[in-house]
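> structure for this input, please:
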Amino acid sequence: MGAQGGGQPGQGEGSFTFQYDLDKKVMVRKKYFRISGSRNKPAINSPDLMVIYTTNKEDSLNAIYFDNEGHTINYTINFADEDKTISIRK
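Here you go, the predicted model:
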């Protein structure tokens, strides 16, 4: 999937993919986003990677997020059938 802005300074473009890996044991999401620069501001490149994996519990998944600025964030994803919600905790 992809998106594009108007091409002027401050406009952006980006894309992301979801793909199974390791015999469908994990799902990998890759995202890339770029904001074009101007005379006063440099361009911003913002790639990141998230790996979503099972915890062997029927009602939850885990995910770990990495980006090019050195951030690493762990998430727990829970599913609740009774109210059809997904909750995500850092």
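> can you map out the strands along the chain?
Along the chain, counting by DSSP state E, strands occupy 2-4, 12-21, 26-35, 44-45, 48-54, 60-67, 72-80, 85-89.
> now those in TSV, with mean neighbour count and mean pLDDT?
For the C-beta atoms, the positions are set from N, CA and C on the backbone; glycine is no exception. Below are those laid out as TSV (neighbours: other CB atoms under 10 Å; pLDDT from 0 to 100):
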stretch	mean neighbour count	mean pLDDT
strand 2-4	10	53
strand 12-21	13	92
strand 26-35	16	92
strand 44-45	11	88
strand 48-54	15	94
strand 60-67	15	92
strand 72-80	12	87
strand 85-89	9	68
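> what sits against residue 65?
48-50, 71-75 (CB atoms under 8 Å, 6 or more residues apart in numbering).
> which one of those residues is nearest residue 20?
The shortest gap between residue 20 and any of the contacts of residue 65 belongs to residue 50, at 13.4 Å (CB to CB).
> quick one, what contacts that closest one?
Contact analysis of residue 50 by CB under 8 Å, 6+ apart lists 28-29, 31, 63-66.
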